[in-house]
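Q: make a model of this:
(2 chains)
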Amino acid sequence: MTSFLHIDPSLTTPEIHFDLEKAQFSIKGSSYPENSLKFYQPVVQYLADLVNTHTPDPAKTFILDVELQYFNTSTAKVLLDILRYFEQLYEKGQPVKVRWLYLEDDTEMEDAGLDYQTAVKLPFELVALHEEA
Amino acid sequence: MNVSYEHRTLFRYEGPLDMQLLPQIVKSAEQLLIGEKVRTPLRRKIISILIELAQNVIHYGIHNHPLANPTISLTRGGDDIVLSISNPIHVSQELFLRTYIENLLSMSKDEQNALYQNVLTKSDYTDSGGAGLGILQVLIKSDSFSYKIEPLGQEHAYFTITATFHTNNS
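A: Numbers count the residues shown, from 1 in each chain, chains lettered A, B, ... in the order given. Down below sits the predicted model:
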């Protein structure tokens, strides 16, 4: 499988940057595409392949950064699917850490992060950012 | 003592709605809320709901109706920001919408939150939306919620959702 996945951001979709070599994965921007399943299909496929082929490397920690400004409910469902793939990798022995980044007074996004933190069994850190990018 | 506030229109759009236009509407509404000094958490909450409801219109509404267009408005009355979104629907959708919304309205906030979590984590996903999460999210996040369905010719109706947000809560 390819170790690298990059999708440029648009007004309604986030930047996706997955780099297996660096163990860094990020989803950043707004996410309210017309069809979330279609937009995230390459991401889901990438992760499905990764779960099937990856040999856990305890020396590396996969970092998934999620930094979203807005996301719609259909994205909310897909995000959970994405986290479930990382959960599978974690269960197979791959160290994983999710960092949910939100603007420090954005309680909406903080609450959303707390919901996901509860929904998955993964090391999950909520990170308050002090300034709007 | 009765206190009444005149509602001031911050933003109003009436016309065809699609995914090309929505980001422009989001940007305009966001700038106007910043101008109104609406704090970030509430501003993002309102915009999230605007996006959700507008996408419901795009996915489920009747397009190119000769008598009525979708309408999005943001008004301010005192400390309240009121978001209202209307669109033509087919009369066959009316019973489903009434039943669905009335069922949600009969629930407490805790029950609505539990349902949201349940749908989010357990239900099947659909292409066009988040398995009915949109209206539920509006109910959970707004300070008050109302809807109306008015006749629009013989085959259609005009569906309006109004969500109110208190700026002094944020």
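Q: report the longest strand in chain A, please.
A: strand A:62-71 (DSSP state E).
Q: which other helices and strands contact that strand?
A: Contacts defined by 3 or more CB pairs under 8 Å, 6 or more residues apart in numbering or on different chains; DSSP states H and E place strand A:62-71 against strand A:24-31, helix A:73-91, strand A:96-103, helix A:107-119, helix B:40-60. For every residue, glycine as well, the C-beta is placed using N, CA and C.
Q: if we go to 7 Å?
A: strand A:24-31, helix A:73-91, strand A:96-103, helix B:40-60 (3 or more CB pairs under 7 Å, 6 or more residues apart in numbering or on different chains; DSSP states H and E).
Q: by mean pLDDT, show me the worst of the ones you listed.
A: For these, mean pLDDT drops lowest on helix B:40-60, to a mean of 92.
Q: could you name the helices and strands sitting against that helix?
A: strand A:62-71, helix A:107-119, helix B:22-35, strand B:80-90, helix B:133-141, strand B:156-166.
Q: the spatially closest residue to residue A:2 that is not a sequence neighbour: which element?
A: Setting aside the residues directly before and after it, residue A:2 is nearest to residue A:46 in space (CB to CB, 6 or more residues apart in numbering or on different chains), at 7.6 Å. In the assignment (DSSP states H and E), residue A:46 maps to helix A:36-53.
Q: which helices and strands sit right next to that helix?
A: Judged by 3+ CB pairs under 7 Å, 6+ apart, helix A:36-53 is in contact with strand A:4-7, helix A:73-91.
Q: of all these, which lies closest to chain B?
A: Of all those, it is helix A:73-91 that lies closest to chain B, at 2.9 Å by CB to the nearest CB.
Q: name the residues that touch the closest one?
A: Contacts with helix A:73-91, where a contact means CB atoms under 7 Å, 6 or more residues apart in numbering or on different chains, come from A:31-32, A:36-37, A:40, A:43-44, A:47-48, A:50-51, A:54, A:62, A:64, A:96, A:98, A:116, A:119-122, B:52, B:120-121, B:125, B:129-131, B:133-134, B:137.
Q: show me what contacts the spatially most central residue of chain B?
A: Chain B has residue B:53 as the residue nearest its centroid, 4.3 Å off, counting by CA atoms, centre = their mean. Listed by CB under 7 Å, 6+ apart, the contact set of residue B:53 reads B:85, B:134, B:138, B:161.
Q: can I get those residues in a markdown table with distance to chain A and neighbour count?
A: Formatted as a markdown table, the contacts of residue B:53 follow (distance: CB to the nearest CB, whole Å; neighbours: other CB atoms under 10 Å in any protein chain shown):
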| residue | distance to chain A | neighbour count |
| --- | --- | --- |
| B:85 | 14 | 25 |
| B:134 | 5 | 22 |
| B:138 | 10 | 24 |
| B:161 | 15 | 24 |
